[in-house]
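Participant: take a look and give me a structure for this.
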Amino acid sequence: MKKNRLAAVTAVAMAVSMTVALTAVAEEEKTFTVGFDQDFPPMGFVADDGGYTGFDIELAEETAKRLGLTFVPQPIAWDAKDMELESGTIDCIWNGFTMNGREEEYAWSDPYLDNKQVFVVAEDSGITDWEGLAGKIVEVQTDSSAEAALNENQDLTGTFGALQTVADYNTAFMDLESGAVDAIAMDIVVAGYQIEKREGGFVILDQEISSEQYGVGFALDNTPLRDQVNEVLKEMAEDGTMAAVSQKWFGEDITIIGASEEAAAEAVSEARE
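Facilitator: Have a look, this model is predicted:
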């Protein structure tokens, strides 16, 4: 009798243990973990209250909500993004992530934003074009699209006094302000935001290094989630949500996923109120 009772207790304990384990797995599967650079405003960064915010963060959070998933923003070192994705630590890379030149490396969402790589210099530097960068120190973020574009243009970089890398663009702007460097190569979307935030003092050179598009990058074998996110992005474009988020961060709708003019106008009007 005691053996039977012991067996019953053991069976119940095992059942409870399995239930807890399955529940934990189920809860884990309900998350949407987005890898991003927390020093990349306005796409993703640390807000004054210590939380994470930005254009891409808002889009990703709304996407998770519409998919019935718990949004988990996961800051990553940008040069470790592939390792984070391959290990399963994150579900995708969503943070001003350039598709061009990486088409075969990830399962991409549809492009949602156009972007250009440009140079930023101090307003009083006297530098007005690429010729003015000869002999100057230029800074760029490690493993960024700007770095890749410059590496492909040795005729230009060969004229620099030095091309050096930095971990993030906040640091790059501090270096530019202090005079430690003469120019920054970076995304025009981010450059415009940084200049406005710092209330001027810098200018963007007219010539562009390269043009590109932003997308959400998933592991190559994770096309099911990629497809789900794609459908939500289209839905947000059609109902004007994407236009409204763009209006909030950029003052206009610069997204490239099609939306009905009526829905976009209505959403933008609400965002302004």
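Participant: Met186 falls within a helix, correct?
Facilitator: No. Looking at Met186 with DSSP: H, G, I helix; E, B strand; the rest coil, it is strand, so not inside a helix.
Participant: that one against Ala172, yeah?
Facilitator: Yes. Using Cβ atoms under 8 Å, Met186 is in contact with Ala172, at 7.2 Å. All C-beta atoms are positioned from the backbone trio N, CA, C, and that covers glycine.
Participant: find the residues that touch each one of these two.
Facilitator: Val140, Gln141 (Cβ atoms under 8 Å, 6 or more residues apart in numbering).
Participant: count the residues that sit near the nearest residue to Asp187 once chain neighbours are set aside.
Facilitator: Excluding its sequence neighbours, the residue lying closest to Asp187 (Cβ to Cβ, 6 or more residues apart in numbering) is Asn115, at 5.3 Å. Neighbourhood size, Asn115 [other Cβ atoms under 10 Å]: 21.
Participant: swap in the one 5 residues further on?
Facilitator: Each residue near Val120 was counted by other Cβ under 10 Å, and the total is 23.
Participant: for it, give me its contacts.
Facilitator: Contacts for Val120 (Cβ under 8 Å, 6+ apart) come out as Leu176, Ala183, Ile184, Met186, Ala191, Gln194, Ile195, Phe202, Val203, Ile204, Leu205.
Participant: those in helices, which ones?
Facilitator: For these, the ones inside helices are Leu176, Ala191, Gln194, Ile195, with DSSP state H as the criterion.
Participant: hmm, the third one is touching Pro41, no?
Facilitator: Yes. Taking contacts as Cβ under 8 Å, Gln194 lies within contact range of Pro41: 7.0 Å.
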